[in-house]
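In: what follows is a predicted structure for the sequence shown.
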Amino acid sequence: MVTLYGESVYKDICIGKLSYYGGKESTVTQYQIEDSDSEIANYKEASQKAVEQLKMLYDKAIREVGEDSAAIFEAHRMMLEDSEYQKAIETLISTEKVNAAYAISVTGKKFAKMFQNMDNDYMRERAVDVQDVSDRLIKTLSNETLDGNKFDEPVIIAARDLTPSDTLQFPKEKLLGFMLEQGSANSHTAILARSMGIPALISVQTLCMEKYDGHQAILDGENSVVYIDPDEETFSEYEKKVAELSKKKKKLQSLKGKETITRSGRKIRLYANAGNLMDVDNAVENDAEGIGLFRSEFLYLENSDFPTEEQQFEAYKQVLEKMGDRQVIIRTLDIGADKKTDYFKLDDEENPAMGYRALRICLTRPEIFKTQLRALYRAGCYGNLAIMIPMVISLEEIQMVREIILQVQQELKQEGKPYKENVELGIMIETPAAALISDKLAKEVDFFSIGTNDLSQYTMAIDRQNQNLQHFFNPHHEAVFKLIEMSIQAIHNEGKWVGICGELGADFDVTQKLIEMGIDEFSVSPGILLEMRKKIRES
Ligand code: PEP
Ligand code: MG
């Protein structure tokens with residue numbers, strides 16, 4: 001039995017045969033052509049076909065994995081139609097008199113290298129995309145179809161890397177999971193694995209995937225491990241685990257449509273945390289009663305420049321429309337600390353978690369904040385929006401936020417742009433300062449949401465990113481619970497409501513305790529919503 005470790009991008013388990021996929025390693029030979037016009041015409045014809053394929057893939061992806069994940073195929077189509085890319089290929093064919101496939105291959109590599117050398121992580125990852133596009137073009141040119149159908153039984157794909165279109169073209173019913181030697185959690189392939197709900201490991205430490213082709217394997221995304229040729233004991237242990245897992249999942253389905261209510265009859269709001277549209281789809285699928293925390297900064301992190309008002313408006317509108325009349329709490333930009341991106345040009349700091357982040361950036365760079373607020377208030381017309389402010393420590397900050405909101409609303413009114421006037425405004429309680437003055441803050445806002453991830457790190461002075469301090473970290477520290485209780489009482493005294501969106505809210509060991517303290521809403525990741533409902537109904 002061989003045991004390999006990797007990084008899990010989706011926590012599930014599968015058992016099956018490994019199939020090595022060499023995907024995009026097609027070799028292209030160079031030869032001289034005589035008639036460059038007809039070679040260019042061949043290239044153009046192939047390019048047109050590839051564009052059609054990508055349009056079909058886009059439609060397929062929309063149906064199967066949602067709009068967010070489908071966007072990559074639209075981006076690929078745009079790359080194919082990019083005039084610089086087209087010109088580079090045509091120039092090579094006409095000046096060097098080389099065959100089209102070779103010209104495409106050289107151009108693809110050149111563009112990929114250009115992306116690889118960029119500073120920004122997101123742009124660097126686009127190197128795979130441009131390679132993927134060129135590969136598709138070469139295969140189309142030689143009439144070679146991308147072969148996802150060669151498998152006659154469901155398999156676990158083992159590959160050096162997979163492109164998004166490789167992943168999507170494998171018939172879903174035949175794909176149990178995949179393990180890749182390369183890949184990053186940010187890549188579109190990882191995103192697709194999550195949206196398809198299949199166990200997957202990236203960065204698997206092995207020198208040669210190929211030699212495991214045809215071998216039996218257990219891929220355990222829960223523990224980030226894969227067992228190849230498992231011994232009998234491991235095999236039967238996992239057979240049991242898989243059976244238990246699927247029984248558990250099936251049983252939980254019966255909770256869809258049921259009320260989230262405690263034994264004593266208290267109704268609790270069961271909301272989901274989300275970072276993109278796919279999470280929202282997952283939330284809907286798992287019967288979320290609302291979105292309790294939409295981390296809007298992910299939209300900024302995915303971009304190589306500030307997302308425009310229109311881009312943001314579209315994204316928020318889609319989230320709201322997907323949720324219908326259910327409440328959607330969008331948190332304003334919480335960039336900084338561990339969530340950094342180049343174009344904000346944030347300085348390196350001694351203490352980034354206690355540094356220039358979130359609301360502090362919004363209040364000192366109001367042009368960024370105003371763009372987001374304009375998009376939010378405009379999108380508010382399309383659903384049940386609430387806005388939440390992160391990292392608050394004082395009353396003055398709330399006053400400043402309210403002033404900016406008024407300015408934004410006045411400007412929208414003057415421009416004749418429709419917007420929602422009355423949107424609930426809440427704050428996160430994630431600093432001890434906010435918890436300790438929660439009685440005052442409660443008078444100024446409509447609700448609280450307790451962010452225990454940060455509240456715990458600031459209360460215990462333990463960096464949440466630092467693995468070495470885990471030994472000292474106590475997620476159930478009495479001091480954290482005191483601050484939570486204090487905040488709940490403060491907001492209830494004003495007749496308003498309070499939720500919890502930090503990871504402690506998903507800790508079943510304290511569900512009962514939090515309910516007894518008076519928490520009105522739990523916001524957890526979409527995958528555990530039904531388990532959470534079960535737990536609350538038993539509390
Ligand atoms: C928190 O701090 O608990 C929280 C939910 O916000 P984030 O994890 O995004 O910092
Ligand atoms: Mg936080």
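Out: Yep, that arrived. Numbers count the residues shown, from 1 in each chain. Ligands and ions are numbered 1, 2, ... in the order given.
In: roughly how far apart are whichever residue of the stretch 1-150 of the chain sits closest to ligand 2 and residue 346?
Out: For the stretch 1-150 of the chain and ligand 2, the shortest gap (CB to the ion) falls at residue 121, measuring 21.4 Å. The way it works is simple: take the backbone N, C-alpha and C, and place the C-beta from them, glycine included. Noted for residue 121: a distance of 15 Å to residue 346, by CB to CB, to the nearest Å.
In: of the two, who's got more company?
Out: In terms of neighbours (other CB atoms under 10 Å), residue 346 is the more surrounded of residue 121 and residue 346; the figures are 17 against 13.
In: that one in helix, strand or coil?
Out: At residue 346 the chain is in coil, as set by DSSP: H, G, I helix; E, B strand; the rest coil.
In: now do the helices in the stretch 151-300 of the chain.
Out: Taking DSSP state H, counting those that start in this stretch as the test, the helices found in the stretch 151-300 of the chain are 164-169, 188-196, 232-253, 277-285, 297-301.
In: and those: which comes nearest residue 515?
Out: Nearest to residue 515 among the helices of the stretch 151-300 of the chain is helix 232-253 (19.7 Å), distances taken as CB to CB.
In: which helices and strands sit right next to the closest one?
Out: Helix 232-253 sits against strand 13-20, strand 216-220, helix 529-538, with contacts defined as 3 or more CB pairs under 8 Å, 6 or more residues apart in numbering; DSSP states H and E.
In: how about these in JSON lines, adding distance to residue 435 and mean pLDDT?
Out: Shown next, in JSON lines, are the helices and strands packed on helix 232-253 (distance: least, CB to CB, whole Å; pLDDT from 0 to 100):
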{"stretch": "strand 13-20", "distance to residue 435": "39", "mean pLDDT": "92"}
{"stretch": "strand 216-220", "distance to residue 435": "39", "mean pLDDT": "96"}
{"stretch": "helix 529-538", "distance to residue 435": "24", "mean pLDDT": "96"}
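In: could I get those in a markdown table, plus columns for mean neighbour count and distance to residue 235?
Out: Formatted as a markdown table, these follow (neighbours: other CB atoms under 10 Å; distance: least, CB to CB, whole Å):
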| stretch | mean neighbour count | distance to residue 235 |
| --- | --- | --- |
| strand 13-20 | 20 | 8 |
| strand 216-220 | 24 | 7 |
| helix 529-538 | 20 | 27 |
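In: which among those is found nearest to residue 67?
Out: Of all those, helix 529-538 sits nearest to residue 67, with 21.3 Å by CB to CB.
In: that closest one - contacts with which helices or strands?
Out: Going by 3+ CB pairs under 8 Å, 6+ apart, helix 529-538 lies up against helix 232-253, strand 269-274, helix 511-517, strand 521-524.
In: just to revisit the earlier point, of all the helices and strands packed on helix 232-253, which lies closest to residue 351?
Out: helix 529-538 (34.2 Å).
In: need the helices of the stretch 151-300 of the chain in TSV (columns: mean pLDDT, distance to residue 57 and mean neighbour count).
Out: Below are those laid out as TSV (pLDDT from 0 to 100; distance: least, CB to CB, whole Å; neighbours: other CB atoms under 10 Å):
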stretch	mean pLDDT	distance to residue 57	mean neighbour count
helix 164-169	68	6	24
helix 188-196	65	12	23
helix 232-253	92	29	12
helix 277-285	89	17	21
helix 297-301	87	24	18
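In: dump the ones you listed to TSV, plus distance to ligand 1.
Out: Converted to TSV, the helices of the stretch 151-300 of the chain look like this (distance: least, CB to the nearest ligand atom, whole Å):
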stretch	distance to ligand 1
helix 164-169	26
helix 188-196	18
helix 232-253	24
helix 277-285	13
helix 297-301	8
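In: so which of those helices comes closest to ligand 2?
Out: Checking the helices of the stretch 151-300 of the chain against ligand 2 by CB to the ion gives helix 297-301 as the closest, at 10.3 Å.
In: next SSE after the closest one?
Out: helix 309-323 (DSSP states H and E).
In: helices or strands up against the helix or strand following that next one?
Out: Of the helices and strands lying after helix 309-323 in sequence (DSSP H and E), the nearest is strand 327-331. When contacts are defined as 3+ CB pairs under 8 Å, 6+ apart, strand 327-331 packs onto strand 269-274, strand 290-295, helix 309-323, strand 384-389.
In: return the residues of the stretch 401-539 of the chain in contact with ligand 1.
Out: By CB under 6 Å from any ligand atom, the residues of the stretch 401-539 of the chain that approach ligand 1 are 430, 451, 452, 453, 454, 501, 502.
In: taking the residues you listed, tell me the two that lie furthest apart.
Out: Greatest spatial distance in these: 454 and 501, 10.7 Å, computed using CB to CB.
In: worst-scoring helix or strand of the protein, pLDDT-wise?
Out: helix 188-196 (a mean of 65; mean pLDDT, DSSP states H and E).
In: what bridges to residue 178?
Out: With DSSP bridges as the criterion, residue 178 is bridged to residue 157, residue 200.
In: wait, doesn't it sit right on residue 157?
Out: Yes: under the criterion of CB atoms under 8 Å, residue 178 makes contact with residue 157 at 4.1 Å.
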